[in-house]
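> give me a 3D structure for the following:
(chains A and B)
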Amino acid sequence: MSAVIAHDRPAGFSFAQYLTCMNGIVWREGLRFVHQRERFISALVRPLVWLFIFAAGFRQVLGISIIPPYETYILYEVYITPGLMAMIQLFNGMQSSLSMVYDREMGNMRTLLVSPLPRWYLLFCKLLAGTAVSILQVYAFLLIAWFWEIEPPPIGYLTVLPALALSGLMLGSLGMLISSGIRQLENFAGVMNFVIFPMFFASSALYPLWRVQEGSPVLYYLCLFNPFTHAVELIRFALYGKMNWVSLAVVGGCTAVFMVGAMFAYDPSRGLIRRGPAGGET
Amino acid sequence: MRKPDISIAGDNAIGPNDPAHLDAAALAIQSVSHSYGPRKALDSVSFTVAAGSFTALLGLNGAGKSTLFSIVTRLFGIQAGHIRIFGHDIQHEPGEALRCMGVVFQPRTLDLDLSVTQNLLYHAALHGINRREARRRSDEALSRMGLADRLGSKVRDLSGGQMRRLEIARALMHRPRLLLLDEATVGLDVKARAEILGHVRELVLEQGIGVLWATHLFDEIVPSDDLVILHKGRILADGKVAFIVAKASARDLNSAFAQLTGTGLGSEGTGP
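This next block holds a predicted model:
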């Protein structure tokens, strides 16, 4: 027998091997992102359209009173910037889960799932990779927004980073949870419409909750129980070097729940067991 | 280790069930059943693949080969039965079991947007192999598979045969002792099929890797191979090809297969 085959490997995996695996998954996600320039451009154009066109148009219609974390009157563009940052992450989380459905249909997902490292760890790395990509997009957006006079305090660019990481993980794990239940790529478009738009519009991304409450108490409660609202508020406060503890708790809790759900769903002895074979295979 | 030369239709109790035998086997499948709702895809399937042997898993489309592969690789959970890879139970020691095994699935699982080398490096990372070692192994694997001149090529620019060879190279990156290939030559021309089969048989002879080769093509099987015939989710025969043919009192494998499965000769999917 050839010496090429490793017979006597130590059982288990070292910390360095776990790190190598994580680097590999993040590196691959980064490469895919770089190769898909259209994805990057559309990820930037979407919030910029909202900022340059929508916000400019609504500036005169929607008045914003002084509400935390702001200490003075602000322009509407400034108000919706955190919402647009969260929107980038929402779209990225769903895009990432869309790519998981695509990968599963095309078979690429199998490469990941037959790795000997624990399944939960692989999925966590995948989430981390998606979050890292979304954070890059958000900073690119902030850079362009700066020229549009969206100028949070310099420290805000740093303090918002953990908030972005947490909200990115929450939205990514929600996307992963959704993707686990979808068998065909075509079904995903409907889910996108039923998840992205309701989450975005029924939140504090575009208008403060007190405004919503004035208009519709029912919608107000919907917004209040929408985890995306809390992702927006977490980012909003963090961008100004402040902390919204309620939002932190909600986003943290939802991240844990969605993540556990996604890992449960991708566990072969639980979630995937109910699925049939891919097309053409038996 | 030699497998028993038995060919009995309807008898799945093939081979000894003693723990020593099962631990020594590269792959030991015991009484595995799987259903998709009311439809039974596998019915108490049992067989072993000996270390360093070439075992063909022969079955028509729909026999349950891909379902079995999905269970062995943990894409599906085990509903009933046990699977061990070099003694590691895939339910209780999935990491150890999976690291002993390389897989080439029926559908292409390469990332078309990445280069040949990037695909291999990604796979190596998923097995915790550091970048320097991964580069060394990828050069080695690509040379062996005759792809050394395509290192930087995008995978989507490769031919079907080259993609399959790349998948085999990738499956060997972590130096497994067992290689599973599910219909690896489907859609390839005769030359590419022969090359891939030749490469895999070399791996068995030169590196002592145990191979489970799922196919529906008779001409990919030679008389000295171990053979498992899977039909409608059940094992109909297991043993050396020559013995199965003799036991079925048939003139060749085609006839034996037709006799065991009750299908006509030259039926769709069984020819080259």
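
> which part of chain A gets nearest to chain B, residue-wise?
Nearest residue of chain A to chain B: A:G24, at 2.1 Å (C-beta to the nearest C-beta). Where you see a C-beta, it was placed from the backbone N, CA and C, and this is true even at glycine.

> so which residue of chain B comes closest to chain A?
B:A125 (2.1 Å).

> and for the residue of chain A closest to chain B, the neighbour number?
If you count neighbours by other C-beta atoms under 10 Å in any protein chain shown, A:G24 ends up with 24.

> now the one 5 residues further on
Other residues near A:E29 number 20, with proximity taken as other C-beta under 10 Å.

> so it touches A:S134, yeah?
No - assessed by C-beta atoms under 8 Å, A:E29 is found out of contact with A:S134, at 10.4 Å.

> quick one: the strands in the stretch 51-200 of chain B, in order.
Shown for the stretch 51-200 of chain B, the strands assigned by DSSP state E, counting those that start in this stretch span residues B:54-58, B:80-85, B:88-89, B:101-104, B:178-182.

> pipe those into CSV and attach distance to chain A per row.
Output for the strands of the stretch 51-200 of chain B, formatted as CSV (distance: least, C-beta to the nearest C-beta, whole Å):
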stretch, distance to chain A
strand B:54-58, 13
strand B:80-85, 11
strand B:88-89, 9
strand B:101-104, 6
strand B:178-182, 8
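
> could you dump these to JSON lines with mean pLDDT and mean neighbour count?
Listed next are these as JSON lines, based on pLDDT from 0 to 100; neighbours: other C-beta atoms under 10 Å in any protein chain shown:
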{"stretch": "strand B:54-58", "mean pLDDT": "94", "mean neighbour count": "25"}
{"stretch": "strand B:80-85", "mean pLDDT": "94", "mean neighbour count": "19"}
{"stretch": "strand B:88-89", "mean pLDDT": "92", "mean neighbour count": "18"}
{"stretch": "strand B:101-104", "mean pLDDT": "93", "mean neighbour count": "26"}
{"stretch": "strand B:178-182", "mean pLDDT": "93", "mean neighbour count": "24"}
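
> now for those strands, which one comes closest to A:M199?
strand B:101-104 (37.7 Å; C-beta to C-beta).

> packing partners for the closest one?
helix B:160-171, strand B:178-182 (3 or more C-beta pairs under 8 Å, 6 or more residues apart in numbering or on different chains; DSSP states H and E).

> return the most buried member of those.
strand B:178-182 (a mean of 24; mean count of other C-beta atoms under 10 Å in any protein chain shown).

> returning to what we had before: how close does the residue of chain B closest to chain A get to A:A16?
Counting by C-beta to C-beta, to the nearest Å, the gap from B:A125 to A:A16 is 12 Å.

> for these two, indicate the residue with more neighbours.
Neighbours were counted for B:A125 and for A:A16 using other C-beta under 10 Å; B:A125 has more, 26 against 10.

> residues in contact with the more buried one?
With contact set as C-beta atoms under 8 Å, 6 or more residues apart in numbering or on different chains, B:A125 has these partners: A:20-21, A:23-25, A:27-28, B:131, B:134.

> out of the residues you listed, which are buried?
A:20-21, A:24-25, A:27-28, B:134 (16 or more other C-beta atoms under 10 Å in any protein chain shown).

> let's have the strands of the stretch 51-200 of chain B in CSV, adding distance to A:T81.
Formatted as CSV, the entries for the strands of the stretch 51-200 of chain B read as follows, by distance: least, C-beta to C-beta, whole Å:
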stretch, distance to A:T81
strand B:54-58, 59
strand B:80-85, 53
strand B:88-89, 53
strand B:101-104, 47
strand B:178-182, 50
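
> nearest to A:Y207, out of these?
strand B:101-104 (51.7 Å).

> re earlier: make a markdown table from the contacts of B:A125 and add secondary structure and pLDDT to it.
Shown next, in a markdown table, are those (DSSP: H, G, I helix; E, B strand; the rest coil; pLDDT from 0 to 100):
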| residue | secondary structure | pLDDT |
| --- | --- | --- |
| A:T20 | helix | 94 |
| A:C21 | helix | 94 |
| A:N23 | helix | 94 |
| A:G24 | helix | 93 |
| A:I25 | helix | 92 |
| A:W27 | helix | 92 |
| A:R28 | helix | 89 |
| B:R131 | helix | 92 |
| B:A134 | helix | 94 |
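
> just to revisit the earlier point, which two in the buried ones among the contacts of B:A125 are spaced the farthest apart?
Among these, A:I25 and B:A134 lie farthest apart (C-beta to C-beta), at 14.0 Å.

> find the nearest non-adjacent residue to A:Y70, please.
A:Y240 (7.3 Å; C-beta to C-beta, 6 or more residues apart in numbering or on different chains).

> residues contacting that neighbour?
A:69-70, A:152-153, A:156.

> repeat that for A:S99.
Counted by C-beta under 8 Å, 6+ apart, A:S99 has contacts A:R32.

> within the helices and strands, which one has it?
helix A:76-106 (DSSP states H and E).

> mind listing what's buried in that helix?
Going by 16+ other C-beta under 10 Å, helix A:76-106 has these buried residues: A:76-101, A:103-106.

> before we move on, what about stretch A:196-204?
A:196, A:199-200, A:202-204.

> can you add distance to chain B and pLDDT and give the residues you listed back as JSON lines?
What follows is those, written out as JSON lines (distance: C-beta to the nearest C-beta, whole Å; pLDDT from 0 to 100):
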{"residue": "A:I196", "distance to chain B": "25", "pLDDT": "84"}
{"residue": "A:M199", "distance to chain B": "29", "pLDDT": "90"}
{"residue": "A:F200", "distance to chain B": "29", "pLDDT": "89"}
{"residue": "A:A202", "distance to chain B": "36", "pLDDT": "90"}
{"residue": "A:S203", "distance to chain B": "34", "pLDDT": "90"}
{"residue": "A:S204", "distance to chain B": "37", "pLDDT": "89"}
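
> now the longest helix anywhere in chain B: buried residues?
If you go by DSSP state H, chain B has its longest helix at helix B:190-207. Residues B:192-193, B:195-197, B:199-200, B:203-204, B:207 are the ones in helix B:190-207 that count as buried (16+ other C-beta under 10 Å).

> ok so, going back, going through the contacts of A:Y240, which ones are buried?
By 16+ other C-beta under 10 Å, the contacts of A:Y240 give A:69, A:152, A:156 as buried.

> tally of neighbours for B:S53?
21.

> A:H230 is in contact with A:V251, isn't it?
Yes - using C-beta under 8 Å, A:H230 makes contact with A:V251 at a distance of 5.1 Å.

> give me every residue that touches residue 88.
No chain was given, so I picked chain A. A:43, A:46-47, A:134, A:137-138, A:141.

> hm, I was asking about chain B
B:96-97, B:100.

> for it, name its beta-bridge partners.
In this structure, B:H88 bridges to B:I85 when assessed by DSSP bridges.
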